[in-house]
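Participant: whatever this is, show me its structure:
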Amino acid sequence: AQMSEGGEAQQGSLSRDGAEADGAVVSQRVDAMGQVIQQKDGEIAYWKQVCMNALRQAQALNTQCEENKQRGDELEQHLQDLLQQQQKEKEERLMRKLTNSVCSIQSALDRLTDPEAPCNLSSTPEQILSAHQAVLKAVVEVASAANSRDHQGLIAATKRLVAAGVEQSEHSKGVSKLTDDPELSGALFNAAEGATVSIKTLLETIKENPYDADPIVHQCGSVRGTSIALEKATQDIINAERVTDAAEDLTDQATSELMNAARVIEEAAKTLLEAKRRAEEKAKSGENKAEMDVAGSIVGGAMAITDAIQTLIRYATILQKENVEAGRARGDSTVYKKDVAWSEGLISAACSVAGSVQDLVNKANGVVAGEVENEALVVSSKQVAAATAQLLVASRVRSDPNSKNQQNLEAASKAVSQATRTLVMAAQTEVKAETVEEDTRAKLDGLSLTEVKIKEMEQQAEILKLEKQLETSRLCLASMRKAQYEKQ
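Facilitator: A predicted model of the protein is given here:
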């Protein structure tokens, strides 16, 4: 029994040792599992933090995306506003251009229909036809630009159309005034008015709606029709108004008058040379030396004009011979009014030059003698310049514009103009500013302030009186010219 109890005790001891060992193993495993669980919890927390960060980033990106979308919408709207503003400015610019064009053509129409408005009396039917061709070309460009919705091209085309239309209107009025036949003159005037009105209507149509091409193209057809009617009226004048002078060969007479003008100017040069010599002698003798110096310079200026006129007549004579040899100077001429200054072209021009030079010589002699005022000499020199211009225009009628002699004649005409300006300047330097100042000081010396003020008011009154006289004289001159023209 003791042995049995000892075995049981030993067996119980062994069981307790085994249980303790198993508990240690379990504890180790529990600790290991706890560490694994703790590690997993750390990983979970880490990934949870990562997810939270990713979520926040996603939310930030979403917010930024919304902001970018909103900003993109705002930029797109701003771009649309800018495009609309640009289109509006383009349309406003087009409207301003069209308004100015309408005003320009309306002004031309007013000048055409106003009998008191001045006209270009040097206009020719050929100039009307040239402007007519420019109008037709511009109308085609307007129609093309309207069809293609090319606003820049439309502006440029209307600008050219207005320029050609204004030129066509001005030349038409000038030729209608210079035409003797009332029926032809009236037909030309009516055609010119119709053509100008149709251009104005076209511009108003474009201004009303520049995007609608159909009415613009339709009105372009109307402009072409009225312009062609104007061309026919112009051609009728060219065909009807030709005059011939059977009693005298105008070609020979023109050459003869040029030679006669050359002789007159040669004699004038000798007379001026003698006048200058007298002025120099008076200046040396001390007799009114300052005045004689001025007179001498004026006579010298007149001599420069006669020298330039001599050159002009020489080249005009050479050019006339050239035209005769080339067959351009015929015994007939086209005229549009029986104006004494233009009816015979080169003949009347040569006579006018000779007569104006003779008058200039007489005025220069009068200045030296103290019998003629300098202003009269200035007027005479300007008349020489006008006669020179008439001779130049008359020479262009039959001459080749590329001729060397024609170019020499143009240069000689410029020389006459320059010499005329020099003479005018010399005549206007007679009254010196210093002399006026000295005389004024002498008159005011010793006067009180009140007396000086009275003198000033008297001088202003004198100026107003002279200005009134000047205006009256100008009106009188205009009336004389108008009366002379109406008689012709």
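Participant: dump the residue contacts of the nearest residue to D359 once chain neighbours are set aside.
Facilitator: Using C-beta to C-beta, 6 or more residues apart in numbering and skipping residues adjacent in sequence, the residue nearest D359 is S380, 5.1 Å away. Where you see a C-beta, it was placed from the backbone N, CA and C, and this is true even at glycine. Neighbour list for S380: S356, D359, L360, K363 [criterion: C-beta atoms under 8 Å, 6 or more residues apart in numbering].
Participant: just the buried ones from those residues?
Facilitator: Buried by 16 or more other C-beta atoms under 10 Å: S356, D359, L360, K363, out of the contacts of S380.
Participant: quick one: the third one and V384 touch, right?
Facilitator: Yes - in this structure, L360 sits in contact with V384. The criterion is C-beta atoms under 8 Å, and the distance is 5.5 Å.
Participant: where exactly do the helices run in the stretch 151-300 of the chain?
Facilitator: All helices of the stretch 151-300 of the chain, identified by DSSP state H, counting those that start in this stretch, fall at 151-178, 182-208, 213-240, 250-284, 289-326.
Participant: hey, least reliable of the ones you listed by pLDDT?
Facilitator: Ranked by mean pLDDT, these bottom out at helix 250-284, with a mean of 63.
Participant: same list (the buried ones among the contacts of S380) but as JSON lines, adding distance to V50, pLDDT and secondary structure.
Facilitator: Listed next are the buried ones among the contacts of S380 as JSON lines, based on distance: C-beta to C-beta, whole Å; pLDDT from 0 to 100; DSSP: H, G, I helix; E, B strand; the rest coil:
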{"residue": "S356", "distance to V50": "110", "pLDDT": "79", "secondary structure": "helix"}
{"residue": "D359", "distance to V50": "114", "pLDDT": "80", "secondary structure": "helix"}
{"residue": "L360", "distance to V50": "111", "pLDDT": "75", "secondary structure": "helix"}
{"residue": "K363", "distance to V50": "114", "pLDDT": "76", "secondary structure": "helix"}
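Participant: neighbours around L55, how many?
Facilitator: Residues contacting L55 under the criterion other C-beta atoms under 10 Å number 10.
Participant: need the pLDDT of it.
Facilitator: L55 is given a pLDDT of 89.
Participant: I'd like the next helix or strand past the helix or strand where it lies.
Facilitator: L55 is part of helix 2-113 when elements are defined by DSSP states H and E. Counting by DSSP H and E, the element after helix 2-113 in chain order, helix or strand, is helix 125-147.
Participant: re earlier: distance of the residue nearest to D359 relative to L391?
Facilitator: Distance of S380 to L391, computed by C-beta to C-beta, to the nearest Å: 17 Å.
Participant: check E91 too.
Facilitator: 53 Å.
Participant: okay, those two: which has more neighbours?
Facilitator: With neighbours defined as other C-beta under 10 Å, E91 and L391 compare such that L391 has more, 27 against 13.
Participant: can you pull the contacts of the nearest residue to the more buried one once chain neighbours are set aside?
Facilitator: Excluding the flanking residues, the one nearest L391 by C-beta to C-beta, 6+ apart is A349, at 4.0 Å. Going by C-beta under 8 Å, 6+ apart, A349 touches A387, Q390, L391, V393, A394, S395.
Participant: pick the one among the residues you listed closest to S222.
Facilitator: Closest approach to S222 among the contacts of A349 (C-beta to C-beta): V393, at 35.8 Å.
Participant: residues contacting that closest one?
Facilitator: Taking C-beta under 8 Å, 6+ apart, we find V393 in contact with S122, A349.
Participant: check which helix or strand covers it.
Facilitator: Counting by DSSP H and E, V393 is part of helix 374-396.
Participant: which parts of the helix or strand harbouring S352 are buried?
Facilitator: Assigning secondary structure by DSSP H and E places S352 in helix 346-369. Using 16+ other C-beta under 10 Å as the burial criterion, the residues of helix 346-369 that qualify are 346-354, 356-368.
Participant: from L392, how far off is the closest residue to Q390 other than its chain neighbours?
Facilitator: In space, Q390 comes closest to A349 once its chain neighbours are excluded; the distance is 4.6 Å by C-beta to C-beta, 6+ apart. Using C-beta to C-beta, one gets 8 Å for the distance from A349 to L392.
Participant: for the contacts of A349, which one is nearest N408?
Facilitator: Distance to N408, by C-beta to C-beta, is smallest for S395 among these, at 10.8 Å.
Participant: quickly list the domain ranges of this protein.
Facilitator: Annotated domains of the chain cover 90-240, 249-430, 436-488 [automatic domain parsing].
Participant: tell me the contacts of the residue nearest to H151 when sequence neighbours are not counted?
Facilitator: Excluding the flanking residues, the one nearest H151 by C-beta to C-beta, 6+ apart is L94, at 5.6 Å. Residues near L94 by C-beta under 8 Å, 6+ apart: H151, L154, I155, P210.
Participant: nearest residue to the second one in space, please, no chain neighbours.
Facilitator: The spatially closest residue to L154, leaving aside those adjacent along the chain, is A145, at 4.0 Å (C-beta to C-beta, 6+ apart).
Participant: which residues does the one you found contact?
Facilitator: By C-beta under 8 Å, 6+ apart, the contact list for A145 reads H151, G153, L154, A156, A157.
Participant: can you count the residues close to the fourth one?
Facilitator: By that I understand A156. Counted by other C-beta under 10 Å, the residues lying close to A156 total 16.
Participant: please apply the same query to the third one.
Facilitator: One way to gauge burial is a neighbour count; for L154, by other C-beta under 10 Å, it gives 23.
Participant: that one contacts I206, correct?
Facilitator: Yes - L154 is within contact range of I206, at 7.0 Å (criterion: C-beta under 8 Å).
Participant: need the residues touching each of the two.
Facilitator: Counting by C-beta under 8 Å, 6+ apart, the contacts common to L154 and I206 are V142, A146.
Participant: where does pLDDT dip in the stretch 1-150 of the chain?
Facilitator: Within the stretch 1-150 of the chain, the stretches with pLDDT under 70 are 1-19.
Participant: redo that, cut-off 80
Facilitator: In the prediction, the stretch 1-150 of the chain carries residues with pLDDT under 80 at positions 1-25, 86-95, 97, 116-123.
Participant: show me which positions of stretch 405-412 end up buried.
Facilitator: Buried, per 16+ other C-beta under 10 Å, within stretch 405-412: N405, Q406, N408, L409, E410, A412.
Participant: same thing with stretch 58-68?
Facilitator: Under the neighbour-count criterion of 16+ other C-beta under 10 Å, stretch 58-68 has nothing buried.
Participant: going forward can the numbers begin at 414, since that is how I track them
Facilitator: All set: I'll call the first residue 414, so the last point we hit is now stretch 471-481.
Participant: where's Q499 relative to M508, distance?
Facilitator: Using C-beta to C-beta, one gets 15 Å for the distance from Q499 to M508.
Participant: one more: L525?
Facilitator: 26 Å.
Participant: which neighbours do L773 and V797 share?
Facilitator: With C-beta under 8 Å, 6+ apart as the test, L773 and V797 both reach I718.
Participant: list the contacts of E617.
Facilitator: E617 makes contact with V515, according to C-beta under 8 Å, 6+ apart.
Participant: do that again at 6 Å, thanks
Facilitator: Counting by C-beta atoms under 6 Å, 6 or more residues apart in numbering, E617 touches no other residue.
Participant: got it, and I619?
Facilitator: Shown in contact with I619 (C-beta under 6 Å, 6+ apart): L511, I629.
Participant: verify the stated contact: S794 with A832.
Facilitator: No - between S794 and A832 there is no contact under C-beta atoms under 6 Å: 8.4 Å.
Participant: low-scoring pLDDT stretches of the stretch 764-901 of the chain, where are they?
Facilitator: In the stretch 764-901 of the chain, residues with pLDDT under 80: 764-771, 773-795, 797-798, 800-875, 877, 879-881, 883-884, 886-901.
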